[in-house]
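S.K.: show me the folded form of this:
(chains A and B)
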Amino acid sequence: MRASQRARGEDVALVDALLSADERRRSSGVRFDELRSEQKSLGKLIPKATGDEKTELLKKAGELSAAVKAADAEKDEADQEAKQLLLRLGNIVHPDVPVGGEEDFAVLAKHGTIRDFAAEGFEPRDHLELGEALGAIDVERAAKVSGSRFYYLTGVGALLELALVNAAIAQATAAGFTPMLTPALVRPRAMEGTGFLGQAAEDVYHLEKDDFYLVGTSEVPLAAYHMDEIIEADKLPLRYAGFSPCFRREAGTYGKDTRGIFRVHQFDKVEMFSYVEPEDAEAEHQRLLDWEIQWLQSLELPFQVIDVASADLGSSASRKFDCEAWIPTQGKYRELTSTSNCTEFQARRLSVRMREGKKVQPLATLNGTLCAVPRTIVAILENHQQADGSVRVPEVLRPYLGGRETLDPQ
RNA sequence: GGAGGCGUCGCCUAGUCCGGUCUAUGGCGCCGCACUGCUAAUGCGGUUUGGGGUUUACCCCCCAUCGAGGGUUCAAAUCCCUCCGCCUCCGCCA
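M.R.: Got it, this is the predicted structure:
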């Protein structure tokens, strides 16, 4: 456990503090139970007693009651402390995860072929230039209305999003996922339970007046969907494909990806989410990755799969695979999808359990992006652009775009 | 937004007015056993969840849990406050 937290870049002292807080929580709990038990047996005698005997009993009961209250307060304090410490602690890192920061990922596979635009005889345009020429993206007016990192999808841009979403939902449904439209505003418990109020809290929008959080992904409402429930083991796995808007403050990214729609405050996303038995979690993680690969291959994009390094994992992930598409005008691979194995981390916090025979225990949750719309549009526009400024539509999307084979400049 | 009603251990339900006998009633469902050519029916027993103690294990014991959290009290399902959810009516609204 210590090694895991160090790999994550957390303070090892936190683990020790947590262990001692947990011991205090236990011992104060035992003391409370004993006093309470005594108080209960005394309480049974009082209604039957009379006269001096009763006066005496009431006096004793009064003293005991004060002791119980003191013990209760002590127990509460220890509980709170342990809980606070636990919330700061991330999931245990899977032993195969490469140790290190953002740059220390391991490349697991490469798919597709990167185009050689020089050989084709033209300079690739970036997604914003293409999107504006197609009448698909308008960031200037979005800046007027909402500020930076917002966008309008217009005309074929709007149609392209709808096509992507329909195609993604179709793939997920064919794979056995239940399609879900989820709330974008959630209570603190859902946010906290999924692990987004830890280190990631700065990146989350909060509506103070109503104490709602805007979700950064439908992972949140999908994980909290079965909150406080016990699921029969033979019902597993449960697989949901959520579609929702996603909101991110993108704090601390000033000057990063400022052009176009690669990094924005609001976007739509189709997300896969699985509830499985803990023993099946690693296999499910691989399946989620395979579905992502299938999706990106159907869009005919060149991409690589990486095993994200320890310090770059979210607090809830034990292991994370990203699919990064090649972005020609940036000359590098950029994250398009991400799948995390959260093991029992979220299930414990949200109290989602499974029953197998007599045993009730937390299950495992996993999530994986199927299609984060704006980034996918970026990758499609840039990779499928043609010398005349038009963009070839991948075949999987054509049925959803009225058979259209290209998007053409206006 | 206004008024009223409701929330009990899988589901339904008794209990709440008037605090202690609630160790929460009964039915359904489910599990086990018995009985019966099979099935069904019947009988008996069991059946919230979490934490702790004990144990090889089973058993057993203690504490919490009556939507959630506070309060009053020696003592709370029961009284008071706040919040959450559901239902009905009114208003407003895409």
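S.K.: and A:A163, that one's in a strand?
M.R.: No. Using DSSP: H, G, I helix; E, B strand; the rest coil, the assignment for A:A163 is helix, not a strand.
S.K.: how close does it sit to A:D234?
M.R.: Computed as CB to CB, to the nearest Å, the A:A163 to A:D234 distance reads 37 Å. In this view, the C-beta of every residue, glycine as well, is placed from N, C-alpha and C.
S.K.: those two: who's more crowded?
M.R.: For the pair A:A163 and A:D234, the greater number of neighbours falls to A:A163 (21 against 8), based on other CB atoms under 10 Å.
S.K.: now the more buried one, nearest residue through space, not along the chain?
M.R.: Nearest residue to A:A163 in three dimensions, chain neighbours excluded: A:Y400, at 3.6 Å (CB to CB, 6 or more residues apart in numbering).
S.K.: going on from whichever helix or strand A:A67 is part of, what's the next piece of helix or strand?
M.R.: If you go by DSSP states H and E, A:A67 is part of helix A:51-88. Following helix A:51-88 in sequence order, the next helix or strand is strand A:106-111 (DSSP H and E).
S.K.: and that next one, average pLDDT?
M.R.: For strand A:106-111, mean pLDDT rounds to 94.
S.K.: which secondary structure elements does whichever strand or helix holds A:E335 contact?
M.R.: Here A:E335 sits within strand A:332-341, counting by DSSP H and E. When contacts are defined as 3 or more CB pairs under 8 Å, 6 or more residues apart in numbering; DSSP states H and E, strand A:332-341 sits against helix A:281-298, strand A:303-307, strand A:319-327, strand A:364-372, helix A:373-383.
S.K.: residue in the stretch 151-300 of chain A nearest to RNA strand B?
M.R.: A:I230 (6.1 Å; CB to the nearest atom of the strand).
S.K.: wait, isn't that residue in contact with A:E356?
M.R.: No. Applying CB atoms under 8 Å, one finds A:I230 not in contact with A:E356, separated by 10.6 Å.
S.K.: rewinding a little: next, the contact list for the residue nearest to A:A163, please.
M.R.: A:L162, A:A163, A:L164, A:N166, A:A167 (CB atoms under 8 Å, 6 or more residues apart in numbering).
S.K.: try 10 Å this time
M.R.: A:L159, A:L160, A:L162, A:A163, A:L164, A:V165, A:N166, A:A167, A:A170, A:V393 (CB atoms under 10 Å, 6 or more residues apart in numbering).
S.K.: how near is A:T343 to A:G260?
M.R.: In terms of CB to CB, A:T343 sits 36 Å off from A:G260.
S.K.: ditto for A:L401
M.R.: Using CB to CB, A:L401 is found at 21 Å from A:G260.
S.K.: pLDDT weak spots in chain A?
M.R.: Applying pLDDT under 70 to chain A flags residues A:1-2.
S.K.: hmm, A:S316 is touching A:G195, no?
M.R.: Yes. Here A:S316 reaches A:G195: they are 3.3 Å apart, a contact under CB atoms under 10 Å.
S.K.: buried among the contacts of A:Y400? Need that as a selection in ChimeraX.
M.R.: To isolate the buried ones among those in ChimeraX, judged by 16 or more other CB atoms under 10 Å, type:
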select /A:159,160,163,164,165,167,393
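S.K.: output the contacts of A:Y400 as CSV; include the columns distance to RNA strand B.
M.R.: Below are the contacts of A:Y400 laid out as CSV (distance: CB to the nearest atom of the strand, whole Å):
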residue, distance to RNA strand B
A:L159, 23
A:L160, 26
A:L162, 20
A:A163, 25
A:L164, 25
A:V165, 21
A:N166, 23
A:A167, 27
A:A170, 27
A:V393, 33
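S.K.: hmm, back to that, deepest in the core, which of the helices and strands packed on strand A:332-341 is it.
M.R.: strand A:364-372 (a mean of 27; mean count of other CB atoms under 10 Å).
S.K.: partners of that strand in the sheet?
M.R.: Looking at strand A:364-372 with DSSP bridges, its partner strands are strand A:266-276 (antiparallel), strand A:332-341 (antiparallel).
S.K.: what residues are up against the nearest residue to A:A61 once chain neighbours are set aside?
M.R.: The spatially closest residue to A:A61, leaving aside those adjacent along the chain, is A:L42, at 5.4 Å (CB to CB, 6+ apart). Neighbouring residues of A:L42 by CB under 10 Å, 6+ apart: A:L57, A:L58, A:K60, A:A61, A:L64, A:S65.
S.K.: which one of A:L401 and A:G260 has more residues nearby?
M.R.: Neighbour totals were compared for A:L401 and A:G260, and A:G260 leads with 23 against 19 (other CB under 10 Å).
S.K.: got the residues of the stretch 301-410 of chain A near RNA strand B?
M.R.: Selection of the stretch 301-410 of chain A residues close to RNA strand B by CB under 7 Å from any atom of the strand yields A:R353, A:R355, A:V360.
S.K.: surely the second one forms part of a strand?
M.R.: The one in question is A:R355. Yes. Assessed by three-state DSSP, A:R355 belongs to a strand.
S.K.: contacting residues around it?
M.R.: By CB under 10 Å, 6+ apart, the contact list for A:R355 reads A:I230, A:I231, A:E232, A:A233, A:D234, A:K235, A:Q361, A:L363.
S.K.: can you verify my assumption that the fourth one contacts A:L363?
M.R.: Yes. Taking CB under 10 Å as the definition, A:A233 is a contact partner of A:L363 at 8.5 Å.
S.K.: which residues do these two both contact?
M.R.: Both A:A233 and A:L363 are contacted by A:E277, A:M354, A:R355, A:E356, under the criterion CB under 10 Å, 6+ apart.
S.K.: how many neighbours does the second one have?
M.R.: Read it as A:M354. Neighbour tally, A:M354, other CB under 10 Å: 24.
S.K.: who is it paired with across the strands?
M.R.: Assigned bridge partners for A:M354, using DSSP bridges, are A:I231, A:Q361.
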